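> Following is a predicted model, sequence given first.
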Amino acid sequence: MSDQTEVKPSSAALGDEQQGAPQTNFERLIAHLDKDSLAAKLVSAYAAADGGAEARAIKDVMTDRLNELKRGNDQSEDQ
């Protein structure tokens with residue numbers, strides 16, 4: 001008899017692989033983030049960027065977010 005036990009993957013892990021290609025790390029990460037959060041937008045932009053354009057994609061997301069904050073701040077000052 002052997003003292004080693006066989007470790008079997010969980011049924012969730014098996015289900016993911018049987019349904020198609022395994023998830024990428026980006027897909028796994030995004031699944032844990034709020035849909036419209038800044039973090040989700042940053043990860044999505046980075047993952048979708050072409051090679052070498054990741055920095056630009058991140059900068060665009062950050063610029064959009066800063067502009068949103070500025071608009072919100074301007075509106076609160078007007079009131």
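Noted; the coordinates are in hand.
> make it CA atoms for all contacts and neighbour counts henceforth
Noted.
> Checking the residue nearest to the spatial centre of the chain next. Helix, strand or coil?
Nearest to the mean C-alpha position of the chain, by C-alpha atoms, centre = their mean, lies Ile30 at 3.0 Å. Recorded secondary structure, Ile30: helix (DSSP: H, G, I helix; E, B strand; the rest coil).
> Excluding sequence neighbours, find me the nearest residue to it.
In space, and not counting its chain neighbours, Ile30 is closest to Ala40: 5.9 Å by C-alpha to C-alpha, 6 or more residues apart in numbering.
> still on that earlier bit, right, and the residue nearest to the centre of the chain touches Val43 too?
Yes - applying C-alpha atoms under 8 Å, one finds Ile30 in contact with Val43, separated by 7.1 Å.
> ok so, going back, contact partners for the residue nearest to the centre of the chain?
Residues counted as contacts of Ile30 (C-alpha atoms under 8 Å, 6 or more residues apart in numbering) are 40, 43-44.
> In CSV, list those residues along with secondary structure, distance to Phe26 and neighbour count.
Listed next are the contacts of Ile30 as CSV, based on DSSP: H, G, I helix; E, B strand; the rest coil; distance: C-alpha to C-alpha, whole Å; neighbours: other C-alpha atoms under 10 Å:
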residue, secondary structure, distance to Phe26, neighbour count
Ala40, helix, 10, 18
Val43, helix, 7, 18
Ser44, helix, 8, 18
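> Please consider this matter closed, and thank you.
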